[in-house]
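Participant: can't give you the sequence, but here's the structure:
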């Protein structure tokens, strides 16, 4: 008998799952319907800053596959502007509202794929829902920010100096706006340790962005219902446009309301096959929590690369195959101006929270041989466990050619390597690509020396 | 009692060993004397093409530390233009010739470090020692080629289309010479499989280099004792200047003559600590053979990065510490024009020779998100063992941002990963750096799919 798979959410995780299920099951075997409350399917949310900044001119360039393509090529029906309002686990049905017409209907399923993504965190402050204040999560958000910029906004305030905040700040500087960035933490880019974040601050200041750290937002001034300024302890920052870069939280409310278990991270926990802990319910992407292979605890990390991988895994299983998603090691990369910023594993506070004692080293090297034209400085920080020397994390700040080196650390974490095992690794060397000791190897070597020195200093345990 | 360490060869391996030994032993404990027959210490031979091409203008830029620095800062005496002519293992002494004065003397040692490097292979053909024909191995060679180029050479022939040959060909094109490249093999860049080498040929042709493959050199024409043409089956190629890019062989003759065991590769075998199989004799760098962790056999691979690492290991042990060199996985990288070329592990013929049955996949992807400005094509080839899916090797050809991805494969080989374990690895993703599925992950996934398809096709073993 023909089964029916309903997918809630038409972006990376949901549509990857749908596509993979379709590869294994014909339309006669499996009907697939996806509900997307927005206007786009399978888009790159990570590309939003480049749409706003102008490097990407067409919205459609960020869309990998349109609803028409899904229908024609994959026999997957993607119903746009349809929002799922309720899940009835007992009946195996969802209540769907057609946002254009307003009508609702119940749709039954044999399997349900939850891929509801994440929602931007908003400060719980008066006026935080005022027009002119934008979260940046879905492509519709990006289109809206770009419209506001092109409509003549002159002054922008970005709240939160993480990846999204910093990338959006740069994008708006490119468009000629005066940009202020406020962050309640002591340093920008809090995905890094503060000493590495300070290098990013320099880059941002160099672009003319006005940065205020240790600065808590207290509210928003509005006129005619529209935002006019961000109010902080330090004073008021006038704004035609406010972008929220406070991170996101898993959009698990719908699942939770239906009785699907939700974890302490706010994300939906799943088994290794992306099956949630409710009958016939699967979940993937920003709405789930996943296993951190170094911290050995669940984390909710909203990244397109995880969403794609988890969606693929869910879809293979939904199609009758077998695949598992082992977890993450916390890798992330970003570009600000010509600065490249990367991290993997645990930063210092995360390592402490996980229960590790550790040593850190920071090394300065170059991306190419010192004499080769275009060589630039690269700073690499390594965090290694005391005694064992196990690699716990790494951070990189540098220019062209710097950041992708983080993948070697990610591979090392994936294999639970210690820094001693890393220091002789056969990494590629030629003058246009690396000094004869790659910065990764130098950092591993120095970290191992620090581990040994610590043993000498503190004696046997 | 003060011990005496003699080092034969003043480049990467020898001087790394000397420096590391010095870090652990004071001049009162250990006297260190290095003999170098050339004019330079601790230089980057890999930088020679850039000296010839003009990207690097000063010879001294390629020298990491001069003899004066070694003497003043490290209390290491580097005797330049001194050639060791004989080793007497029984007496623990070496016969040294002062090349300036011609005088010889015996020098006693407690420990001997052999770091004699490699010598360029020369065709055993009439005229192959004629002036105007240059091997490229030591910095003096590079200086000589540059002089010949600057002296007005118009036409150059490069024999051998490996890394050195190709880099030198490009360097001479940059200087405005007409360059012909001949190779006896069916395709250039034989460190890659021919299908990947063909991509490099395209790049070379695009630069205006005249390429002749499957073309064996039969001799050299000379006039007034100087080379005037390279004679091949196909005809004669006029040349003011000939560069040999036929690879190098370990310079182990001195060691062999003394009775130090030499392996089938021509390199000096050592234990894990870089101790050769003779009392008080150590060896590192291009003159040794090392263990290939994938092929599980000794190989002689002349690369500065191995020389530095092995020299460090030898020096730590010579200084009374403990360090080991685990081996290599065959990683190499090169740049030709704006093409980046990388490999690691085994190529097809090497995998066959090692006894593996394998499957290959070649994937085309992009270095950045498809919509991000400056994204370029990247070709990734993966070789995986049948059944197990164990990664055996990878090759990459692409443009900016392509080649350093080889290090992820190198790290995977280092950990004996299979491609299935690789396909969910948490590699960094952001639009300026990668598509949402990094090309490395796509290649691993396709390789795994090929392994599975092979099982289906061929049934149980």
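Facilitator: Looks like it came in fine. None of the values given here were measured: they were computed from a predicted structure. Residues are numbered from 1 along each chain as shown, chains lettered A, B, ... in the order given.

Participant: may I ask you to name the longest helix in chain A?
Facilitator: helix A:439-458 (DSSP state H).

Participant: by contact count, what packs against that one?
Facilitator: strand A:358-366, strand A:377-385, strand A:391-398, helix A:419-422 (3 or more CB pairs under 8 Å, 6 or more residues apart in numbering or on different chains; DSSP states H and E). C-beta: built from backbone N, CA, C; applies to glycine.

Participant: run the chain-centre distance for it.
Facilitator: The chain centroid and the centroid of helix A:439-458 are separated by 31 Å, computed with CA atoms, centre = their mean, to the nearest Å.

Participant: contacts for that helix next, please.
Facilitator: A:359-361, A:363, A:365-367, A:378, A:380-384, A:386-389, A:391, A:394, A:405, A:408-409, A:418-420, A:422-425, A:427, A:435, A:437, B:407 (CB atoms under 8 Å, 6 or more residues apart in numbering or on different chains).

Participant: and the angle for it with strand A:391-398?
Facilitator: Between helix A:439-458 and strand A:391-398, the angle comes out at 130 degrees (axes from the mean of the first three to the mean of the last three CA atoms, to 10 degrees).

Participant: against residue B:234, how distant is the closest residue in space to residue A:64 that isn't next to it in sequence?
Facilitator: Excluding its sequence neighbours, the residue lying closest to residue A:64 (CB to CB, 6 or more residues apart in numbering or on different chains) is residue A:42, at 4.4 Å. Computed as CB to CB, to the nearest Å, the residue A:42 to residue B:234 distance reads 54 Å.

Participant: does the closest residue to residue A:109 other than its chain neighbours count as helix, strand or coil?
Facilitator: Nearest residue to residue A:109, sequence neighbours excluded (CB to CB, 6+ apart): residue A:6, at 4.1 Å. Recorded secondary structure, residue A:6: strand (DSSP: H, G, I helix; E, B strand; the rest coil).

Participant: distance of residue A:6 from chain B?
Facilitator: 24 Å (CB to the nearest CB, to the nearest Å).

Participant: give me the number of residues near that residue?
Facilitator: Neighbour count for residue A:6, taken as other CB atoms under 10 Å in any protein chain shown: 24.

Participant: now swap in residue A:157 and tell me
Facilitator: Per other CB under 10 Å, the neighbour tally for residue A:157 reads 29.

Participant: partner strands of the helix or strand where it lies and their direction?
Facilitator: Element membership for residue A:157, per DSSP states H and E: strand A:155-159. As defined by DSSP bridges, the strand partners of strand A:155-159 come to strand A:178-182 (parallel), strand A:241-244 (parallel).

Participant: how about the shortest one: buried residues?
Facilitator: Within strand A:241-244, the residues scored as buried using 16 or more other CB atoms under 10 Å in any protein chain shown are A:241, A:242, A:243, A:244.

Participant: let me know the closest of the residues you listed to residue B:14.
Facilitator: Set against residue B:14, the nearest of the buried residues of strand A:241-244 by CB to CB is residue A:243 (57.5 Å).

Participant: that closest one: what's it in contact with?
Facilitator: For residue A:243, the contact set (CB under 8 Å, 6+ apart) comprises A:134, A:136, A:145, A:156, A:157, A:158, A:159, A:165, A:168, A:169, A:172.

Participant: angles on the backbone of residue A:14, please.
Facilitator: Backbone torsions of residue A:14, given as degrees, to the nearest 10, read phi -60, psi -50.

Participant: ditto for the one 5 residues further on
Facilitator: Listed backbone geometry of residue A:19 is phi -60, psi -40, with angles given as degrees, to the nearest 10.

Participant: residues touching it, list them.
Facilitator: Residues near residue A:19 by CB under 8 Å, 6+ apart: A:70, A:74, A:76, A:315.

Participant: what about 7 Å?
Facilitator: A:74, A:315 (CB atoms under 7 Å, 6 or more residues apart in numbering or on different chains).

Participant: ok so, going back, please spell out which residues along the longest helix of chain A are buried.
Facilitator: Neighbour counts over helix A:439-458 (16+ other CB under 10 Å) mark A:439-448, A:450-451, A:454 as buried.

Participant: need the max-distance pair from those.
Facilitator: Greatest spatial distance in the buried residues of helix A:439-458: A:439 and A:454, 22.3 Å, computed using CB to CB.

Participant: for the strands paired with strand A:155-159, which one sits closest to residue B:228?
Facilitator: Counting by CB to CB, residue B:228 lies closest to strand A:178-182 out of those; the figure is 66.0 Å.

Participant: what about residue A:272, distance to residue A:326?
Facilitator: To residue A:326, residue A:272 is 7 Å away according to CB to CB.

Participant: which of these two has more neighbours?
Facilitator: Per other CB under 10 Å, whichever of residue A:272 and residue A:326 has more neighbours is residue A:326, with 16 against 13.

Participant: what kind of secondary structure is that one in?
Facilitator: Of the three states, residue A:326 takes coil under three-state DSSP.

Participant: how about it, nearest residue that isn't a chain neighbour?
Facilitator: residue B:424 (5.7 Å).

Participant: how many neighbours does that neighbour have?
Facilitator: Residue B:424 - counted by other CB under 10 Å - has 23 other residues nearby.

Participant: okay, which residue is most central for chain A?
Facilitator: Nearest to the geometric centre of chain A sits residue A:303, at 3.1 Å (CA atoms, centre = their mean).

Participant: how about the strands in the stretch 151-300 of chain A?
Facilitator: For the stretch 151-300 of chain A, applying DSSP state E, counting those that start in this stretch gives strands covering A:155-159, A:178-182, A:210-212, A:217-223, A:226-232, A:235-238, A:241-244, A:248-250, A:281-283, A:290-292, A:297-299.

Participant: packed most tightly, which of those strands would that be?
Facilitator: Of all the strands of the stretch 151-300 of chain A, strand A:281-283 has the most neighbours on average by mean count of other CB atoms under 10 Å in any protein chain shown, namely a mean of 29.

Participant: what residues are up against the residue nearest to residue A:64?
Facilitator: Shown in contact with residue A:42 (CB under 7 Å, 6+ apart): A:11, A:12, A:15, A:63, A:64, A:65.

Participant: which pLDDT does the model give the second one?
Facilitator: Reported pLDDT at residue A:12 in the predicted model: 95.

Participant: could you pull up the contacting residues of the residue lying closest to it once chain neighbours are set aside?
Facilitator: Leaving out its chain neighbours, the residue that sits closest to residue A:12 by CB to CB, 6+ apart is residue A:307, at 4.0 Å. If you count contacts by CB under 7 Å, 6+ apart, residue A:307 has them with A:12, A:13, A:284, A:285, A:286.

Participant: give the phi and psi angles for residue A:307, as a check.
Facilitator: phi -60, psi -40.

Participant: can you check residue A:74 too?
Facilitator: Dihedral angles of residue A:74 (phi, psi; degrees, to the nearest 10) stand at phi -120, psi 0.

Participant: excluding chain neighbours, give the residue nearest to it in space.
Facilitator: Per CB to CB, 6+ apart, closest to residue A:74 is residue A:22, 5.0 Å.
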